[in-house]
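Engineer: need the 3D shape of this:
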Amino acid sequence: MMLLARVAAVAGLVLSMDASAGAQPAAIKLSWVVPVTNWGSIVLEKKDLMLNNGKTYNLEVTRFRGTSEALQGLASGDLNIADISTTGFAVAYENGVKDVSIIAGELEDGIPDYYSTEFLVRDSGSIRTVPDLKGKTIAVSARGSANYMLLVAMLRKNNIDERKDVNIVEAAAPTMGAMLKSGKVDLIAVTRPFSAQRGVREGNRVLFTAADAVGECQAIVWVAKKTFIEKNRAALIDFLADMRRVAHWFSDPANHAEVVKIAAKVTKMPEASWQDWLFTKADFYRDPNMMPNVAAMQANLDLMEKLEIIKDPINLSDTMDLSLVEAAMKRE
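Structural biologist: Reported below is the predicted structural model:
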């Protein structure tokens, strides 16, 4: 009987090894919105650093137009990891999207000595201070977006009611520069890479920045469905370990020339468009370990409740799973 038990145990081990050897890599579909600014648009340009891609996971990247579309992709299964704004996540969470967890951080705003989202006015115009915005028209990417939260925070600081004292309109980022120049709007919210374009900067000046409005904030996070995380935990750790390797490479000043070439390649824009700022302190801060700024993010959520962008408080401990990125950080 003991011999039979040993034989059965060995047979079971062999079968387990065979099943593991034949296991297919997990499919990981990652979204991106803004070229170069979001990791999904450039990560596959450094496949040589993604040592587990094609082994324990297969990475696909897809462009989505924004947070709501990406969350729909998660719900339908067309997407596994969505890069979305913290603000968009909070609004979705309050509206019942509670089966997802924040697993990593992508982009931070308002970090000292780094670039911060800018709010521009015409240099020749009459708007010299924030109180001068009363009665004016302001363009943001969308109500409930990150730049909308920043705008509302700054207006409230200056005793301006965004519902009564100004006219807020939604506009696509690439069109905002022309809208300001033509006088259709009086203030625009611009971020990288759009704010680096000559047509956006000429004749305009910064009225205030995200740092002025709220200080530090976790602008973009990665979220995934909890069921997907549990089913693919090992593959996701491998993926985040590879992403950490890629992020460190892009952040290394020694690689700046090649980074600029990659940006020019994926956008078909001249290298000069990226040379002076991309992945420098004139750009947004990206934690190369993919770790989100938890303290800043909780402060952002608390501010959203105070500004009545969301109705109820959100505790990050209920919405976050950092065990994956923590495990990835322990890898070589």
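
Engineer: so residue 161 sits against residue 155, correct?
Structural biologist: Yes: between residue 161 and residue 155 there is a contact at 7.4 Å, judged by C-beta atoms under 8 Å. Placement of C-beta: from N, CA and C, glycine included.

Engineer: and these two? which has more neighbours close in?
Structural biologist: residue 155 (23 against 11; other C-beta atoms under 10 Å).

Engineer: ok, and the closest non-adjacent residue to that one?
Structural biologist: Once flanking residues are discounted, residue 155 sits nearest to residue 162: 5.1 Å by C-beta to C-beta, 6 or more residues apart in numbering.

Engineer: tell me the secondary structure for that neighbour?
Structural biologist: coil (DSSP: H, G, I helix; E, B strand; the rest coil).

Engineer: do residue 120 as well
Structural biologist: Assigned with three-state DSSP, residue 120 falls in the strand class.

Engineer: can you give me the strands for this structure?
Structural biologist: Along the chain, the segments classed as strands by DSSP state E run 26-32, 57-63, 81-85, 100-109, 118-122, 137-140, 167-170, 187-190, 204-209, 217-225.

Engineer: turn these into CSV, columns for mean neighbour count.
Structural biologist: What follows is the strands of the chain, written out as CSV (neighbours: other C-beta atoms under 10 Å):
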stretch, mean neighbour count
strand 26-32, 21
strand 57-63, 17
strand 81-85, 27
strand 100-109, 24
strand 118-122, 22
strand 137-140, 22
strand 167-170, 13
strand 187-190, 26
strand 204-209, 18
strand 217-225, 26
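
Engineer: make a markdown table from the ones you listed and add mean pLDDT and distance to residue 285 to it.
Structural biologist: Shown next, in a markdown table, are these (pLDDT from 0 to 100; distance: least, C-beta to C-beta, whole Å):
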| stretch | mean pLDDT | distance to residue 285 |
| --- | --- | --- |
| strand 26-32 | 96 | 18 |
| strand 57-63 | 95 | 22 |
| strand 81-85 | 93 | 16 |
| strand 100-109 | 95 | 5 |
| strand 118-122 | 96 | 15 |
| strand 137-140 | 94 | 22 |
| strand 167-170 | 93 | 27 |
| strand 187-190 | 94 | 17 |
| strand 204-209 | 95 | 13 |
| strand 217-225 | 94 | 9 |
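
Engineer: now those strands as a markdown table including distance to residue 150?
Structural biologist: As requested, the strands of the chain are exported to a markdown table (distance: least, C-beta to C-beta, whole Å):
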| stretch | distance to residue 150 |
| --- | --- |
| strand 26-32 | 22 |
| strand 57-63 | 24 |
| strand 81-85 | 11 |
| strand 100-109 | 8 |
| strand 118-122 | 8 |
| strand 137-140 | 9 |
| strand 167-170 | 12 |
| strand 187-190 | 7 |
| strand 204-209 | 8 |
| strand 217-225 | 8 |
